[in-house]
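Colleague: After the sequence you'll find the predicted model.
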Amino acid sequence: MIRVQGLEKRYGRTQALDGLDLEVPEGAIYGFIGQNGAGKTTTLRILATLLVPDAGVAEIGGYHVVRRRMEVRRLIGYMPDFFGVYDDLRVSEYLEFYAGLQGIRGPRVRRLRDQLLELVDLADKRDEYVDSLSRGMQQRLCLARALIHDPAVLLLDEPASGLDPLARVEMRELLKELGRMGKTIVISSHILSELADMCTHIGMVHAGRLVRQGPVAQVLQESRGTARVLHVLRDAERAGAVLEEIEGVTGVTVEDGVVEFRFEGDAEGLAQVLAAVVSAGVPVVRFAEAGGTLEDVFLRLAREEVQA
Ligand SMILES: Nc1ncnc2c1ncn2[C@@H]1O[C@H](COP(=O)(O)OP(=O)(O)OP(=O)(O)O)[C@@H](O)[C@H]1O
């Protein structure tokens, strides 16, 4: 449904996107994950036809986001990472206003407004002023606005940021519901755990490039397979340095007495890795496969990227 190849975008001296590739299948709930500044907002703005890339191709539903802008706009609903201030506008007026912008007229407007308010659980707030709503409610209203023309694709920039835990749960349930309705959804976040249990696919971006991508189970398996963890009493840095020198060892990270690395090799080789660390005088207290939850995997990949 969404295909991005070699996308580049520069702001002055900052290379925000540096050859980004993405593939989002139809019906996916795609978690677009990366740290602050990784390029998520830039990517979503390009997909939303609000920003023109310097190079590369981005298509939604087969339409080129620059050359076929109007077709793309009909296909997408975009929710930016900030919510504008709307003094003097009530919740229902807000949605009616955006329905009007989409060319929706007459009794359809009221019907649609009511359906959407029901969907985002704001029906009882219809007469409240928008700026009196909590942040979570404003986010849900913003989502309702993005849904007004019944788009097949939703591009959501950090929909859960700044929400308290309860509001976050509500947002997550709403996004799952939209997934069940068959929408293709891209959700960006820098908080990995926020997306972990609701996405079907994951794309991890770092410094404007894609690091990992695929169905959640596949990303998990690929990342889990070769990851090992070493707990030491002290001299973690030395253990890291020893590991760096061993053939087949990659992605060494050291943090708080815990050393993580990847090893491509058999059990014999793994035993030799341990022997090398121990004979360097490092007091090892635990040597095991690294944790395998989605959160563990994400954190590990992020750490590897940072320390690379
Ligand atoms: N208008 C701009 N002018 C100059 N630099 C920009 C502009 N917008 C973004 N950048 C820079 O481009 C890089 C990518 O920014 P982008 O907002 O796409 O990242 P992000 O992953 O969405 O991060 P965040 O979660 O902080 O929004 C960052 O280094 C950012 O500082």
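Modeller: Sure thing, it's come through.
Colleague: Would you mind measuring the gap between the ends of stretch 134-154?
Modeller: One end of stretch 134-154 to the other measures 23 Å (CA to CA, to the nearest Å).
Colleague: as a whole number, average confidence for that stretch?
Modeller: The pLDDT scores in stretch 134-154 average 90.
Colleague: Next: stretch 289-300.
Modeller: 70.
Colleague: Next: stretch 69-77.
Modeller: So the average pLDDT for stretch 69-77 ends up being 93.
Colleague: mind listing what's buried in that stretch?
Modeller: Val72, Arg73, Leu75, Ile76, Gly77 (16 or more other CB atoms under 10 Å). Every residue, glycine included, has its C-beta placed from N, CA and C.
Colleague: what do you get for stretch 158-173?
Modeller: Within stretch 158-173, judged by 16+ other CB under 10 Å, the buried ones are Glu158, Pro159, Ala160, Ser161, Leu163, Ala167, Arg168, Glu170, Met171, Arg172.
Colleague: which residues touch the last one?
Modeller: Right, Arg172. Ala160, Asp197, Met198 (CB atoms under 8 Å, 6 or more residues apart in numbering).
Colleague: Just the closest of those residues to the ligand, please.
Modeller: Ala160 (12.3 Å; CB to the nearest ligand atom).
Colleague: any idea how far Ile60 is from Met1?
Modeller: Using CB to CB, to the nearest Å, Met1 is found at 7 Å from Ile60.
Colleague: what is in contact with those two at once?
Modeller: By the contact definition CB under 8 Å, 6+ apart, Met1 and Ile60 are jointly contacted by Val153.
Colleague: near the ligand, which residues of the protein?
Modeller: Within the chain, the positions lying close to the ligand (CB under 6 Å from any ligand atom) are 11-12, 14, 16, 34, 36-42, 190.
Colleague: how does it look with 5 Å?
Modeller: Residues of the chain lying close to the ligand (CB under 5 Å from any ligand atom) are Tyr11, Thr14, Ala16, Asn36, Gly37, Ala38, Gly39, Lys40, Thr41, Thr42.
Colleague: what would those residues look like in TSV with pLDDT, secondary structure and neighbour count?
Modeller: Below are these laid out as TSV (pLDDT from 0 to 100; DSSP: H, G, I helix; E, B strand; the rest coil; neighbours: other CB atoms under 10 Å):
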residue	pLDDT	secondary structure	neighbour count
Tyr11	95	strand	11
Thr14	93	strand	11
Ala16	94	strand	24
Asn36	84	coil	7
Gly37	86	coil	14
Ala38	88	coil	25
Gly39	93	coil	26
Lys40	94	helix	25
Thr41	94	helix	18
Thr42	96	helix	22
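Colleague: Which of those residues sits closest to Gly269?
Modeller: Ala38 (34.0 Å; CB to CB).
Colleague: Leaving out sequence neighbours, find the closest residue to that closest one.
Modeller: Excluding its sequence neighbours, the residue lying closest to Ala38 (CB to CB, 6 or more residues apart in numbering) is Val205, at 4.8 Å.
Colleague: that older thread, which two among the buried residues of stretch 158-173 are spaced furthest apart?
Modeller: Glu158 and Glu170 (15.7 Å).
Colleague: what packs against whichever strand or helix holds Ala271?
Modeller: According to DSSP states H and E, Ala271 maps onto helix 267-279. Secondary-structure packing of helix 267-279 (3 or more CB pairs under 8 Å, 6 or more residues apart in numbering; DSSP states H and E): strand 227-232, helix 236-244, strand 258-263, strand 284-289.
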